[in-house]
Structure formats: C-alpha cells, structure tokens
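A.B. asks: My questions are about this predicted structure, shown below with the sequence.
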Amino acid sequence: MPADRPLPIPRDSTSGTAPDSLRIAETFTSIQGEGKLTGVPSWFVRVSGCNLRCVWCDTPYASWNPEGPTRTLDDLVDEAKRSGVTHAVVTGGEPMIFPNVEPLTHRLAAAGMHVTIETAGTVFRPVAANLMSISPKLANSTPTEAVGGAWSARHEERRINIPILQQLIDTFPDRQLKFVVSSTPLPGDIPEIESLLARLHNWAPSDVLLMPEGTSPPTQQQRSLVAGECIKRNWRYCTRLHIDLYGNKRGT
Ligand code: SF4
C-alpha cells in the first residue's frame, strides 16, 4: 500500500455475511511461501475484510478495499477437496473476525486437510488449526493520519492484544510468531519485538520468525541484516518464496 497518497476510508468489514457463507477475495492452489511450511503445496482461501489497515498491506483487496463474492461453506470445502492438495491455508484479510471461519476450519479438518490459519492475533476463535500462524503487527505497520484517516488511531489501538496473543499461543501447540520487519527502521523493530515477547510466555525462540517487508524480493543487504538478527537470538529467517517464484501476483 503506497504511503504517499491519501486513500479512501473504507468501511470496517467485520459483519454482514449470510449464514454458512463468507465473503471471499480469492481462492487458489499454490505453494506456501512463508513460515514453517514454506514449500508445501496448499489450497488458499482469502477471506475479505480486516480489522486493521497496515500501511504496507500486500492484499489491500482484502483489507483497505475488501472485494469478492459471498460463497457458501459447502462450495469452499468442495473446492478444497477438489484441489488435489492436503494443506489448506485460511488467510485474509483477518479471517478470525468472521464467526463462519470457525465451521469452515472444522469442516476442512474433517475432510482430512491440514489447516493453517494466518492471523494478526487480535481476535480469538476456537478454530481447527494444525498450525496457528500469528503475525503481530509492529509500529511500522501503522498508517499516518494523512494516509489512513480514522484508521490510523484505530489500527494503532488494535494492533497488539496481549491476552489474545497469549490465548492463541496457549491453545495451539503448533504456532509461529511471524514479524514483518521493515528494512530501514529495522533497529527499531527488534527492540519492539523483544519487548512484546517479554510480555508473553510459553513460546520458544524457534516459534519466532522475521520476514523482510516488501512486495519484491529483498536485497542481499536486507536479507543479511535480518538473518544476522535471527542468528543472534535463535529466531528463524522467513522468506517469501511465492514472491521469488511468481512475483507480487494475485492467486499465487
Ligand atoms: S492485518 Fe494483514 S490483511 Fe489486515 S491490513 Fe494488515 S497486512 Fe493487510
């Protein structure tokens, strides 16, 4: 999301879906590009709507300007089963703000699929998740008021919720804490991550991943900088394999 031009202030799309359905920005079958399951062929369902507005959001069509048709859970589960892969990734937007994400995940699991949820960690639901991929949003995500209008303060107020983060960590034994770090203020991002982790317990260093921000491959210097910070703390470096493979394209 470019930070240098004003954007229309969208509605907060947290409600309004019909029973047994969800508004879906896109579905596709690709390779998981981020996190512990990088490289695993997966069926993705991107729920449309988010309770945050990251300035660098790489899926504005599911947050700043949510789009897509309403689809039934039957339709989605049938498509997942026909995809030919065994891993499902429920992403967004912010899937956890939608009550119908809960039955969707249980039905995907009942169909024998491994389910990953990708969330910013501000809302809890008892979803069926084999991997809970939590991406707490750092201060580098907050839009200025000139860019985000009322969303600037709303985003800043909502982006970190310690009780919810702890509940997600405690509930899902296989989880990851994936932080998007910006290349320029990286020295500021690390203390913020350490301060956040100090307020949480029951996590291991191997749960923590740093991912360079951007919709194009990071430079060698950016990769080295982020990797160096990971090595010092036994954290993991997180690639964006789908960007390397396909570029910043929808449906990948
Ligand atoms: S939480 Fe995710 S989908 Fe929502 S605005 Fe931030 S990056 Fe975009």
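C.D. replies: Received it, and whenever you're ready, just let me know what you need. Keep in mind it's a predicted model, so treat the numbers as computed, not measured.
A.B. asks: which residues touch S182?
C.D. replies: Going by C-beta atoms under 8 Å, 6 or more residues apart in numbering, S182 touches 56, 140, 189, 213. (Each C-beta comes from the backbone N, C-alpha and C, glycine too.)
A.B. asks: So is stretch 75-89 next to the ligand?
C.D. replies: No. On the criterion C-beta under 6 Å from any ligand atom, stretch 75-89 is out of touch with the ligand, staying 13.5 Å away.
A.B. asks: Tell me, how many residues neighbour H106?
C.D. replies: By other C-beta atoms under 10 Å, 15 other residues sit near H106.
A.B. asks: Surely it touches A128?
C.D. replies: Yes. Contact criterion C-beta atoms under 8 Å: H106 and A128 qualify, at 4.6 Å.
A.B. asks: Could you list the single helix or strand in this structure with the lowest mean pLDDT?
C.D. replies: Lowest on mean pLDDT, DSSP states H and E among the helices and strands of the chain sits helix 241-246, with a mean of 78.
A.B. asks: got the contact list for it?
C.D. replies: 30-34, 38-39, 215-217, 252.
A.B. asks: least confident pick among those?
C.D. replies: pLDDT across the contacts of helix 241-246 is lowest for T215, at 68.
A.B. asks: tell me the helices in the stretch 1-150 of the chain, going along the chain?
C.D. replies: Under the criterion DSSP state H, counting those that start in this stretch, the stretch 1-150 of the chain contains helices at 73-82, 101-110, 145-148, 150-158.
A.B. asks: Check those helices for me and report the most buried one.
C.D. replies: Comparing those by mean neighbour count (mean count of other C-beta atoms under 10 Å), helix 101-110 ranks first with a mean of 19.
A.B. asks: Any part of that helix near the ligand?
C.D. replies: No. Figure legend: helix 101-110 not in contact with the ligand (C-beta under 6 Å from any ligand atom); closest approach 13.9 Å.
A.B. asks: Measure how far that helix is from the centre of its chain, please.
C.D. replies: Taking C-alpha atoms, centre = their mean, to the nearest Å, the mean C-alpha location of helix 101-110 is offset from the chain mean by 18 Å.
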